[in-house]
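Trainee: Take a look and give me a structure for this.
(2 chains)
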Amino acid sequence: MANFFQQVVSGLASGGIYSSLALALVLIHRATGVINFAQGEMATFSTYILWTLTANHGWPYWPAVAFTLAVSFAGGVGVHQLVIRPVERGSVLRVVIVTIGLLLMLNGLTTWIWGGSQHTLHSPFPTRTIDVAGVAISIQDVGTIGVSIGIVIVLWLFFQFTKVGLALRAAATNPTEARLVGVRVPWMLGLGWGLAAVLGAISGALAAPSLASLDPSLMQAILIYAFAAAVLGGIDSPAGAVVGGLLLGVGLNLLGVYVDFIGADLRLPAALAVILVVLLLRPSGLFGRTAVKRV
Amino acid sequence: MSALLELENVEARYGPVQALRGVSLEVAEGEIVAVLGANGAGKTTTLRAVSGTVRRSGTIRLAGKRLRGGPEVAARAGVAHVPEGRGTFAELTVTENLRLGAHTRRGPIAADIARVAEWFPWLVERGGQAAGTLSGGEQQMLALARALMSRPRLLMLDEPSLGLAPLIVREIFGIVRELNDRDGLAVLVVEQDARIALDSAQRAYVLEVGEVKVAGSSTELRDNESVRKSYLGY
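Mentor: Next up, the predicted model:
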């Protein structure tokens, strides 16, 4: 039983990482109406920035994190302004293809700058375990879960209670009316891309220590998990992305441990199966709403 | 009375279709002006030209300053455009719609919410409800309330009567008249229902295929035989 709870906690930690990236996907899907296939590579790039600052330039951890998040934000806004906006008015397919191009380009860029070999990014949390009622829980897992929950709360407060958060929601759901009340829609969409890049960077900074490895393919599998999480929760629902991420993290972890033939190798196909089943049976996901229509 | 809004020779087109062929009109401070005309005469396009929702040429001035650019610029200059079909944010709550109405303003908005609640008390009671679940009349009132949240210099209403029961239409125009009487709010209203529009407006313009055909005070227009026959039906 103790092992079961340990696996649940470690699943929640993985789920937190998926949730953060899934939230980034949802944010962009709401703002721009597409899945940003480059989200994972953007996150990997950010994680490398954090790694190089701490490992090669001797920066202390937290200032390096702050700097990385700021650069990621600017990078996300920049990607929207320079790459996405020129094609935004065209068909959705054009934007999708552009994000796939961006994926390839960023992956190449990461390898070109930092090489393809593996590195280690240290975790801000100690790797010790603590004993809670006979269950050994890793502090790193608890920290990861804590950060993910913190992100959700901060985002929720931002979208519910700030003027800019509300304007961003308005710009995403109804750009024409948003402009009529004075919202500068392109700025808001750029802000959405910046926030998504920040979420991705946090996800990467949590993922690299938890996988104990940083290489240019860091976020590739996690993007699939995040996509599965977002689809499971409902692609337009931030709450759904979080719940989907946590469910998926715990579910895949338990499947991997307790179902022999899945093991560690078949987790990714299991995530793909989740995407397939959800899209077939309930395309709006767990939390997806059918849009309210005016009569 | 000085002119708040001036349109000089404004033209607008949708692709190959020219919707406005040199419209000139004026709204003075504290005045309600109606724009009448048949379907496709360019009434809606006139409002869109002012808010910059459609590409236009010619000169548009608000309080002497030229309006250029898109709707966010017009909104910041003090134009509150309530478009055809209400233009509320269906997925957002009533309160969020009101908060968005005050987007161009700084500072606290509680006093403004209290002020619009005097007109529409139910807005506060049902603040948490999604706007898309309101009835048509309620959505029109919410759209009006949201426009007032920006403390506009000019309120532009596009077909407020569309699809609403006569009683609700009268209520809405009654509120618009009171806002005009009490606070001196300037209003430019486009209306299919010429009778109720002329009852509220001090002056009106009649558009025909993108041009101003007749202009005058509401009394003059009511006495104008061609206007009466074409738009008032008696």
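Trainee: where does chain B come near chain A, residue by residue?
Mentor: B:51, B:53, B:70-72, B:75-76, B:81, B:83, B:85-92, B:96, B:99-101, B:103-104, B:130, B:132-133, B:136, B:139, B:146, B:150 (CB under 8 Å from any CB of the partner chain). C-beta here means a position set from N, CA and C on the backbone, and glycine is covered the same way.
Trainee: Need the buried ones from the residues you listed selected in PyMOL.
Mentor: Burial among the residues of chain B next to chain A is assessed by 16 or more other CB atoms under 10 Å in any protein chain shown; the matching PyMOL selection reads:
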select buried, chain B and resi 51+53+71+72+75+81+83+85+86+87+88+89+90+91+92+96+99+100+101+103+104+130+132+136+139+146+150
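Trainee: quick one: low-confidence parts of chain B?
Mentor: By pLDDT under 70, the low-scoring segments of chain B are B:1, B:233-234.
Trainee: what helices or strands is the helix of greatest length in chain B leaning on?
Mentor: Looking across chain B with DSSP state H, the single longest helix is helix B:166-183. Where contact means 3 or more CB pairs under 8 Å, 6 or more residues apart in numbering or on different chains; DSSP states H and E, helix B:166-183 is packed against strand B:32-37, helix B:136-149, strand B:154-158, strand B:186-190, helix B:194-200.
Trainee: In a markdown table: those, plus distance to A:Ile97.
Mentor: Output for those, formatted as a markdown table (distance: least, CB to CB, whole Å):
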| stretch | distance to A:Ile97 |
| --- | --- |
| strand B:32-37 | 45 |
| helix B:136-149 | 38 |
| strand B:154-158 | 38 |
| strand B:186-190 | 42 |
| helix B:194-200 | 50 |
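Trainee: residue ranges of the helices in chain B, please?
Mentor: Under DSSP H, chain B gives helices at B:43-51, B:71-77, B:94-101, B:110-119, B:122-125, B:136-149, B:166-183, B:194-200, B:218-223, B:225-227.
Trainee: Out of those helices, flag the one nearest A:Arg89.
Mentor: helix B:71-77 (16.7 Å; CB to CB).
Trainee: could you say what helices and strands that closest one packs with?
Mentor: With contacts taken as 3+ CB pairs under 8 Å, 6+ apart, helix B:71-77 sits against helix A:175-180, helix B:43-51, strand B:79-82.
Trainee: From those, pick the one with the highest average neighbour count.
Mentor: strand B:79-82 (a mean of 26; mean count of other CB atoms under 10 Å in any protein chain shown).
Trainee: Check which strands are paired with that one and give the direction for each one.
Mentor: strand B:154-158 (parallel) (DSSP bridges).
Trainee: Contact partners for B:Thr44?
Mentor: B:Glu84, B:Asp158, B:Glu159, B:Val190 (CB atoms under 8 Å, 6 or more residues apart in numbering or on different chains).
Trainee: ok, of the residues you listed, which come out buried?
Mentor: Buried residues within these, counting neighbours by 16+ other CB under 10 Å: B:Asp158, B:Glu159, B:Val190.
Trainee: Give me the distance between the residue nearest to the second one when sequence neighbours are not counted and B:Val206.
Mentor: Counting by CB to CB, 6 or more residues apart in numbering or on different chains, B:Glu84 is the residue found nearest to B:Glu159 once chain neighbours are left out, at 5.1 Å. Using CB to CB, to the nearest Å, we find B:Glu84 at a distance of 19 Å from B:Val206.
Trainee: could the helices and strands packed on helix B:71-77 be laid out in JSON lines, adding distance to B:Leu179?
Mentor: JSON lines is the format used below for the helices and strands packed on helix B:71-77 (distance: least, CB to CB, whole Å):
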{"stretch": "helix A:175-180", "distance to B:Leu179": "19"}
{"stretch": "helix B:43-51", "distance to B:Leu179": "18"}
{"stretch": "strand B:79-82", "distance to B:Leu179": "11"}
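Trainee: what about these, which gets the closest to B:Arg66?
Mentor: Set against B:Arg66 and scored by CB to CB, the helices and strands packed on helix B:71-77 come closest in helix B:43-51, at 12.0 Å.
Trainee: and the residue of the stretch 51-200 of chain A nearest chain B?
Mentor: Per CB to the nearest CB, A:Gly182 is where the stretch 51-200 of chain A lies closest to chain B, at 3.3 Å.
Trainee: what comes up buried for the longest helix anywhere in chain A?
Mentor: If you go by DSSP H, chain A has its longest helix at helix A:2-32. Residues A:6-32 are the ones in helix A:2-32 that count as buried (16+ other CB under 10 Å).
Trainee: ok, A:Arg85 - how many residues close by?
Mentor: Neighbour count for A:Arg85, taken as other CB atoms under 10 Å in any protein chain shown: 16.
Trainee: With B:Asp181 instead?
Mentor: For B:Asp181, the neighbour count with other CB under 10 Å is 11.
Trainee: With the one 10 residues further on instead?
Mentor: When counting by other CB under 10 Å, one arrives at 26 neighbours for B:Glu191.
Trainee: Chain neighbours aside, what residue packs nearest to A:Gln160?
Mentor: A:Leu166 (7.9 Å).
Trainee: three-state assignment of that neighbour?
Mentor: Under DSSP: H, G, I helix; E, B strand; the rest coil, A:Leu166 falls in the helix class.
Trainee: That one reaches B:Leu98, doesn't it?
Mentor: No - with contacts counted by CB atoms under 8 Å, A:Leu166 stays clear of B:Leu98, the gap being 10.6 Å.
Trainee: Against A:Ala133, how distant is B:Asp199?
Mentor: According to CB to CB, B:Asp199 and A:Ala133 sit 76 Å apart.
Trainee: And B:Ala215, by the same measure?
Mentor: 83 Å.
Trainee: Tell me which of those two has more neighbours.
Mentor: Each of B:Ala215 and A:Ala133 has its neighbours counted (other CB under 10 Å); B:Ala215 has more, 16 against 7.
Trainee: so that one makes contact with B:Arg203?
Mentor: Yes - judged on CB under 8 Å, B:Ala215 makes contact with B:Arg203 at a distance of 7.4 Å.
Trainee: got the contact list for the residue in the stretch 1-150 of chain A that chain B sits nearest to?
Mentor: Going by CB to the nearest CB, chain B is nearest to A:Arg30 of the stretch 1-150 of chain A, at 10.5 Å. Contact partners of A:Arg30, counting by CB under 8 Å, 6+ apart, are A:Arg169, A:Ala172, A:Thr173, A:Gly192, A:Asp236.
Trainee: neighbour-wise, which of those leads?
Mentor: Neighbour-wise, the contacts of A:Arg30 (other CB under 10 Å) top out at A:Gly192, 24 neighbours.
Trainee: Look at that residue and tell me its secondary structure.
Mentor: What three-state DSSP gives for A:Gly192 is helix.
Trainee: wait, it sits on A:Ala170?
Mentor: No - A:Gly192 is beyond contact range of A:Ala170, at 11.8 Å (criterion: CB under 8 Å).
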